[in-house]
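Participant: Here is my input, please return the structure:
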Amino acid sequence: MKIVFMGTPEFAVPSLEQLVQDGHQVAGVFTQPDKPKGRGYKLMAPPVKEKAQEYGIPVYQPEKMRDGEALKLLRALAPELIVVVAYGRILPKEILQLPPKGCINVHGSLLPKYRGAGPIQWSVINGEAVTGVTTMYMAEGLDTGDMLLKEETPIGENETYGQLHDRLAVIGANCLCNTIAALEQGKLEAIPQDEALSSYAPMLNKEMARLDFTKPAQELHNLIRGLSPWPVAYTAIDGTLLKVHRAVLAPQYSGQPGQLLDEKRFIVACGQGALEFLEVQAAGSKRMPAGDFLRGKKLPRGKQLGE
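Facilitator: Numbering: from 1, shown residues only. Below is the predicted model of the structure:
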């Protein structure tokens, strides 16, 4: 099938790879413009662009999708189907209606739950036991189109957003493969979303990353997992920021919220239960095992965090 692929980050790369491996004619790849990154603000190509160039697929990086230029490009490419995976742009009605077989999106949740930009993170933050991927026909609303196929997967009790992201990217590619196969065979059934069951997953921000130790340990554990590897949960010790990359529950411990409960293991009391930090990062330092940080700082039992 002749396809135009639209995607930008790492999450979209396995889907592009799958389309090529399945023998589809990927006529072009649309991705966001290169952006400056790092200390030197060097322009960096999106992961999807790099992968498309490996395959020799033409790459298009329009600044806007509504000025008519993108529509002209797409008309010239004449795809039967447009596939969208984490592109980061809203497609106008004229583009959605262009391909005869429609526009299919791969979304990182079990719709209609967790529509929006942060479905994987919020499924972890909210302590979900199961998540997955949904393919859907695209509509003008935000992730509101008719659902096509779903694939579920359990979320590990200590699994981070980053780990789950990488698994769902592969699951999403497989779900996309099955969706297009069903489309070609005329066996694809479109199921409307139940608005009463819908929820929204907004983008994350650094303001939500501060750990409030008056909350239950399980809630904070979910937050730490959901914010790793970005923006990373944090607390403070003597006014100095300390990022917490990994932690586990320590249910056998209890104490005053925010207090250090052990001198050798980085165990901190919460409003209910306690957490053991496994990997931390002080301001201006590299990530390190929490035990190494404790030995270097020689923090006494009873030390108050968050101040």
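Participant: Only C-alpha atoms from now on, for both contacts and neighbour counts.
Facilitator: OK.
Participant: From residue 132, how far out is residue 307?
Facilitator: Distance from residue 307 to residue 132, counting by Cα to Cα, to the nearest Å: 38 Å.
Participant: More neighbours: those two, which one.
Facilitator: Higher neighbour count among residue 307 and residue 132: residue 132, with 25 against 11, using other Cα atoms under 10 Å.
Participant: residues in contact with that one?
Facilitator: Contact analysis of residue 132 by Cα atoms under 8 Å, 6 or more residues apart in numbering lists 108, 109, 110, 150, 151, 152, 153, 168, 171.
Participant: for it, helix, strand, or coil?
Facilitator: The three-state assignment at residue 132 reads strand, by DSSP: H, G, I helix; E, B strand; the rest coil.
Participant: pLDDT at residue 241, what is it?
Facilitator: For residue 241, the pLDDT comes out at 96.
Participant: Counting by contacts, list what the helix or strand harbouring residue 15 packs against.
Facilitator: Per DSSP states H and E, residue 15 falls inside helix 13-21. The contact analysis (3 or more Cα pairs under 8 Å, 6 or more residues apart in numbering; DSSP states H and E) places helix 13-21 against helix 47-55, helix 161-184.
Participant: pull the helix or strand with minimum mean pLDDT from the chain.
Facilitator: Among the helices and strands of the chain, strand 35-37 carries the lowest confidence by mean pLDDT, DSSP states H and E, at a mean of 90.
Participant: Helix or strand next in line after that one, which one?
Facilitator: Taking DSSP H and E, what comes next after strand 35-37 is strand 42-44.
Participant: Work out the gap between that following strand and the centre of the chain.
Facilitator: Taking Cα atoms, centre = their mean, to the nearest Å, one finds the center of strand 42-44 at 22 Å from the center of the full chain.
Participant: what lines up beside that strand in the sheet?
Facilitator: strand 35-37 (antiparallel) (DSSP bridges).
Participant: Give me the contacts around the partner strand.
Facilitator: Under the criterion Cα under 8 Å, 6+ apart, residues 42, 43, 44, 45, 46 lie in contact with strand 35-37.
Participant: Whichever of those count as buried, I'd like them selected in ChimeraX; how would that read?
Facilitator: Buried residues among the contacts of strand 35-37 (16 or more other Cα atoms under 10 Å), as a ChimeraX selection:
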select :45,46
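Participant: Please enumerate the strands of the stretch 51-200 of the chain.
Facilitator: Taking DSSP state E, counting those that start in this stretch to define them, one finds strands in the stretch 51-200 of the chain at 59-60, 81-85, 103-107, 130-137, 147-154.
Participant: Reformat the ones you listed as a markdown table; add mean pLDDT and distance to residue 3.
Facilitator: As requested, those are exported to a markdown table (pLDDT from 0 to 100; distance: least, Cα to Cα, whole Å):
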| stretch | mean pLDDT | distance to residue 3 |
| --- | --- | --- |
| strand 59-60 | 98 | 13 |
| strand 81-85 | 98 | 5 |
| strand 103-107 | 98 | 10 |
| strand 130-137 | 98 | 15 |
| strand 147-154 | 98 | 18 |
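Participant: can you redo those strands as JSON lines with distance to residue 265?
Facilitator: As requested, the strands of the stretch 51-200 of the chain are exported to JSON lines (distance: least, Cα to Cα, whole Å):
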{"stretch": "strand 59-60", "distance to residue 265": "51"}
{"stretch": "strand 81-85", "distance to residue 265": "42"}
{"stretch": "strand 103-107", "distance to residue 265": "39"}
{"stretch": "strand 130-137", "distance to residue 265": "31"}
{"stretch": "strand 147-154", "distance to residue 265": "29"}
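Participant: For stretch 75-84, which residues meet the burial criterion?
Facilitator: Here stretch 75-84 shows 78, 79, 81, 82, 83, 84 as buried, counting by 16+ other Cα under 10 Å.
Participant: Grab the nearest non-local neighbour of residue 11.
Facilitator: residue 169 (5.0 Å; Cα to Cα, 6 or more residues apart in numbering).
Participant: what's the closest of the strands of the stretch 51-200 of the chain to residue 208?
Facilitator: Of all the strands of the stretch 51-200 of the chain, strand 130-137 sits nearest to residue 208, with 22.3 Å by Cα to Cα.
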